[in-house]
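[1] sequence and predicted model, in that order:
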Amino acid sequence: MSIQDRLDELNVVELPLIAQLGAMSWTHIDGADEDASTGRKDYHLLGRADFQQTLMRDRMAEAIQRLNRNDDGTDWLDVRRVNQAISQLERPTAKDFIAINEELHEKIVGGVYVSGPDGERERLVRFIGFEPGDANDFLSVNQFRVDPPGAVGDRGFIVPDIVLFVNGIPLVVIEAKSPAVTDPLATAIDQLRRYANRRVPEQNEGAERLFWTNHLLVPTCRHEARVGSVSARPDDYLPWRDVKPATIETVRRELGKAPGSELVQQEILVAGLLRPDHLLDALRSFTVFMDTDDGIRIKVVPRYQQFRSVHLALERLREGKSKRQDGMTDRRGGIIWHTQGSGKSLTMVFLVKKLRTIPDLRRFKVVVVTDRTDLEDQLSKTAKLAGQVMRVAGSADAAKTHLARQEPDLVFVMIQKLQERNGGGDEQEIVFAAESENLPPIISDEVRSGKMVAKIGERPAFPVLNESENVLVLVDEAHRSHSSGLHQNLLDALPNAARIGFTGTPIEEMSKKKTREIFGAYIDRYLLRDAEADGAIVKILYEGRELKADVTNKGTLDSLFDATFAGKSHDEREVIKHRYATRSRVLNAADPLKAKAIDILRHYITNILPNDFKAQLVATSRELAVQYVEALNDARDEIVAAVDGAADIIKDIEPETAQEAGGDVAFMVTAVPYLDAVRRLEFAAVISVDHNDLPQLKAWGGATETKERIGRFKKPLSQDPLAILVVKSKLLTGFDAKVEQAMYLDRAISGAELLQAIARTNRTAGEAKRFGVVVDYYGVGRNLADALALYDDEDKEDLTGGIGKPEELLPELRQARDAVVKHFSDAGITRGATLQPYVDDCVAKLKNQKLRAQFLVLLKKLVSLFDTLMPRPEARPFKNDVKLYVFITKAAANLYRDKSLDVRGVAHKVQAMLDAYIQAQGIDPKIPPIEILDPNFAAEVSRKKGDRAKAADMENALRHHITISFGKDPAKYKSLSERLEGILASHRDDWKEITKQLQKLIDEAIAASSQASFHHGLDPHTEGPVFGVLRIRHGSDDRDTELAELASEIVRRLRQDAAVQGFWDNNVGQEEARRWIVQQLDGVHLFQFSELDSIAADCMGVARANRAAFGP
């Protein structure tokens, strides 16, 4: 970063942000003073024992005393009990990073228990006060230095730009970037993830302890700002575009801005999310931990539309008139329209959590009405945290019982439970969305595809069950059920309830009046264009596809074979072409269904499978859905046989050559790397069945089996081979599966159902999923205009904005390529007549970690767009540039031992082509860089040209060795690191001497790794590392004998503990061992009492790093 960029970062971004915090009652401490003469920063400990400590214990102690007094205002907490409380945040029992964050989040929000005074039972201690009038301490610190394990002197530490503390607990980390640098937000996000050690955890490049208690991560460059949680992937960081429940006028006054002036994104985010009461609200009521479809635990923090809509909904609930007060209708509810993929379900969870914190609303009975079961887990946890009872209605009778109770519980009811049978017979009214197949068996296919209501007999009046006004009904997917008889049953049962309807699609013009009569006016709207602009969903690419008979690419094949097998005689080439044609004939079929199945699977293998994603296929009928499953199975087997049969031919065809040729050859060459995955592909139908169906349909019925198939489908392809679900109407609405990237349409589908269906592909799922894909075999695209005609002009404009065509990405691809080139040209590096000097200069420039991070962000965007557009002809002019910069990336990754410098996550389709190019340049992309302990390391270094290249390889290999080994023996590797820095500083630019000195240091490191003994007779793999910790913390060598004895005693105890199977997975056992070490340290009187806990933790850390040497 240039001096000017750093000044822009400070003056344009960081300082205005700190000033805005100050206007909202945050106090501030400057974490670094700069020496005017040297420019060196003097980082402050700020009351900490050392730079590894992240909690401000003094401020915590003061807040704990302040918030936890007796009713008469007297103190009951002494120093011991305060330390007992603080230690529960310093030493979590969980092991995994996210599990630690979840454990500490619960303790920060809910408090912890410590021993009571005078023999009383344990009492709750609060860390933060959430009630009005609670005196909390809000502190911002800029340039807050933290030393990770392995930091030496002035190297290796991290310095987040701004850290926000509440009562001494770090809850927010902000990284500011100059708006003038290339892609500043992506660079800031990458830096935050490095600080938290979330990029490549095994590299130990960050300071995880700072993020154990973290609630929010904020990257900003002033004009753009985003927020994410500690588990967020780069694409999970989203903007915050609203200041509610604060007012825009208040924010302008705080900023000293004139009325009507615009606010930049940073100002809006700070005002809307980091305002003290908003931050505590988000911490307490708008945070959940949940498992993703592939079993990964994540932390979910609110999006601005969720925060806004919950506050608006509760404001209307408190201020609106009830039905009795109004005399006509209840005016306390309304409609929340949040587009699909924007987190409506979590908004409902947040609403319930927030409602339970408001004294005058806690009395409300909350009824959640849905046709989905995935809300149940989150709502049950919410009820538990709020001390509330949750009741799940498993039947119509149970629903009546639960609804009738006069108590503020949480009732979860499926809409189907609200149907009333007439006289106990089969006659009933069945009401359903046109897109739903989740119906009783007596409903025929004709009725299934019909309108909203199928009446069989008359619906009797539903009894009044609860006349209380203190009932809030939350209706999921309100656009589907608002006019149904089942919903009328609910209105009859709860006549005075307030009702809030949630919908993911705009209400059709003809239905708006009816919907508003039931729910009231809109509470909040979050449109599709909003979600796409925020990055909350991905854009959908629409592709019309038509199969034509007798399509051949004979000329292309002839040209390809003539070029590929130029060394063969004419007769030999004709034989090869004949063999190929025979074996590939199965890739085409006369039967239309079989032809479509083959084409669908070819498209899937080429475009979707390489990215580990899945697809749905929509068939005309249930029978055709089952036939499609059979046809896909046949197509899979035929494709595998064809590629296997042509293996001896296509093995000599380069991926790049095949891409140029297109057609069958391109497909078969593309399929080769994924052939094992193709062999395992499975397909399943998800349809409704009834007792009159034929056996082949019944085989796909059954609620348990269907639920299992859906669960399997939601897992990434690498975890479960169920790749394509074939449906008729099921799963086209209200179904969320992040792994679904493609939808293949082969039936007439229109109206709201069409818009709902194609939106199944728009969920975000990491960097590899930049777009959803809809492939239309039926000409459904012609129905889009009819579907949009059902909506008003504003809604129509919003809906059309989310759908595009692949060719529209070409300008983006060109801009991405130019940005990568500019990254190096701005540093004075331009291409000459030969490429090698350019490559060398680029790799050398990437030694700077920040430049590497910026470059990776730019390159990933380029490669991702290129990967999306290939093998389209318009993408090919960019091929050479992509290959060149990916090669530069791999060369830099090898040199600097930086595993994060990798684009494999976004380049699946073209990976084979890129790997082939890299290998042709002399680097095997599948072999990691050689380590210093490898016997061949010296030989590998000798291959480098010139002393500078050799020194660079040796330096980076040694740095990597020190980083990954530091935890095993901090004292030894701290010494090695200091000597490495000394060599580089003493012999600057004398590459020959640097190489000589580095070789000596490497020899010493190799010898140390196999050392059989240690001074004082200590074991080098157990006692030696513990002794090193004690020596460093003692600070001198005049008590080495006593320290060695102490190290031996500690190791003896830990060996005994480690002999017990599972000790290293037993947090309770490890905590007991740590406390025992504290006692031993206290007994020798060699250390300050305040340091005993951290020294004991360090001893446990080196023991854990060397666990193999200690025992099981």
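    Alright, I've got the coordinates.
[2] for the helix or strand Ser864 falls within, packing partners?
    With secondary structure defined by DSSP states H and E, Ser864 is part of helix 849-869. Judged by 3 or more CB pairs under 8 Å, 6 or more residues apart in numbering; DSSP states H and E, helix 849-869 is in contact with helix 184-195, helix 810-825, helix 879-896. For every residue, glycine as well, the C-beta is placed using N, CA and C.
[3] among those helices, show me which one is buried the most.
    For those, ranked by mean neighbour count under the definition mean count of other CB atoms under 10 Å, the leader is helix 184-195 at a mean of 24.
[4] quick one: mean pLDDT over that helix.
    The average pLDDT for helix 184-195 rounds to 92.
[5] next one: stretch 328-345
    Here the average pLDDT along stretch 328-345 is 87.
[6] just the terminal-to-terminal distance for that stretch.
    For stretch 328-345, the first-to-last residue distance is 30 Å (CA to CA, to the nearest Å).
[7] so where do the strands sit in the stretch 701-850 of the chain?
    Per DSSP state E, counting those that start in this stretch, the stretch 701-850 of the chain carries strands over the ranges 722-727, 740-746, 771-776, 803-804.
[8] now render the ones you listed as JSON lines, adding distance to Asp634 and mean neighbour count.
    Below are those laid out as JSON lines (distance: least, CB to CB, whole Å; neighbours: other CB atoms under 10 Å):
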{"stretch": "strand 722-727", "distance to Asp634": "14", "mean neighbour count": "25"}
{"stretch": "strand 740-746", "distance to Asp634": "16", "mean neighbour count": "25"}
{"stretch": "strand 771-776", "distance to Asp634": "20", "mean neighbour count": "23"}
{"stretch": "strand 803-804", "distance to Asp634": "32", "mean neighbour count": "16"}
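[9] out of those strands, which gets nearest to Asn197?
    Nearest to Asn197, of all the strands of the stretch 701-850 of the chain, is strand 740-746, at 29.7 Å by CB to CB.
[10] what helices or strands is the closest one leaning on?
    Judged by 3+ CB pairs under 8 Å, 6+ apart, the packing partners of strand 740-746 are helix 592-603, strand 614-619, helix 751-758, strand 771-776.
[11] thinking again about what came up before, just put the strands of the stretch 701-850 of the chain in JSON lines and tack on distance to Ala703.
    Formatted as JSON lines, those follow (distance: least, CB to CB, whole Å):
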{"stretch": "strand 722-727", "distance to Ala703": "16"}
{"stretch": "strand 740-746", "distance to Ala703": "21"}
{"stretch": "strand 771-776", "distance to Ala703": "28"}
{"stretch": "strand 803-804", "distance to Ala703": "34"}
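[12] follow-up on the earlier one: need the helices and strands packed on helix 849-869 in JSON lines (columns: distance to Arg405).
    Below are the helices and strands packed on helix 849-869 laid out as JSON lines (distance: least, CB to CB, whole Å):
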{"stretch": "helix 184-195", "distance to Arg405": "47"}
{"stretch": "helix 810-825", "distance to Arg405": "56"}
{"stretch": "helix 879-896", "distance to Arg405": "62"}
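[13] can you pull the contacts of the spatially closest residue to Leu813 that is not a sequence neighbour?
    If the residues on either side of it in the chain are set aside, Leu813 comes closest to Leu865, at 4.4 Å by CB to CB, 6 or more residues apart in numbering. By CB atoms under 8 Å, 6 or more residues apart in numbering, the contact set of Leu865 is 770, 809, 812-813, 816.
[14] quick one: buried residues of the strand or helix carrying Lys974?
    Per DSSP H and E: Lys974 is located in helix 970-986. Residues of helix 970-986 classed as buried by neighbour count (16 or more other CB atoms under 10 Å): 970-977, 979-980, 983.
[15] over to stretch 1080-1096?
    Across stretch 1080-1096, burial judged by 16+ other CB under 10 Å covers 1081, 1086-1087, 1092-1096.
[16] pLDDT check: weakest of these?
    Within these, pLDDT is lowest for Ser1094, at 78.
[17] that residue contacts Thr54, correct?
    No: Ser1094 lies out of contact with Thr54 (CB atoms under 8 Å); the separation is 11.3 Å.
[18] re earlier: out of the contacts of Leu865, who's nearest Ala1105?
    For the contacts of Leu865, the nearest to Ala1105 is Arg770 (39.1 Å; CB to CB).
[19] and that closest one, how close does it get to Arg747?
    28 Å (CB to CB, to the nearest Å).
[20] with Val774 instead?
    For Val774, the distance to Arg747 equals 13 Å [CB to CB].
[21] am I right that Leu46 sits in a helix?
    No: Leu46 is assigned coil when assessed by DSSP: H, G, I helix; E, B strand; the rest coil, not a helix.
[22] who touches it in this structure?
    Residues in contact with Leu46 (CB under 8 Å, 6+ apart) are 29, 31, 56, 141, 144.
[23] quick check, nearest of these to Val739?
    Nearest to Val739, judged by CB to CB, of the contacts of Leu46 is Phe144 at 38.7 Å.
[24] residues contacting that closest one?
    Going by CB under 8 Å, 6+ apart, Phe144 touches 31, 46, 159-160, 162-163.
[25] got it, and Val727?
    So Val727 contacts 616-619, 625, 685-687 (CB under 8 Å, 6+ apart).
[26] and what of Arg308?
    So Arg308 contacts 242, 244-245, 524 (CB under 8 Å, 6+ apart).
[27] which stretch of helix or strand covers it?
    Per DSSP H and E, Arg308 falls inside helix 304-319.
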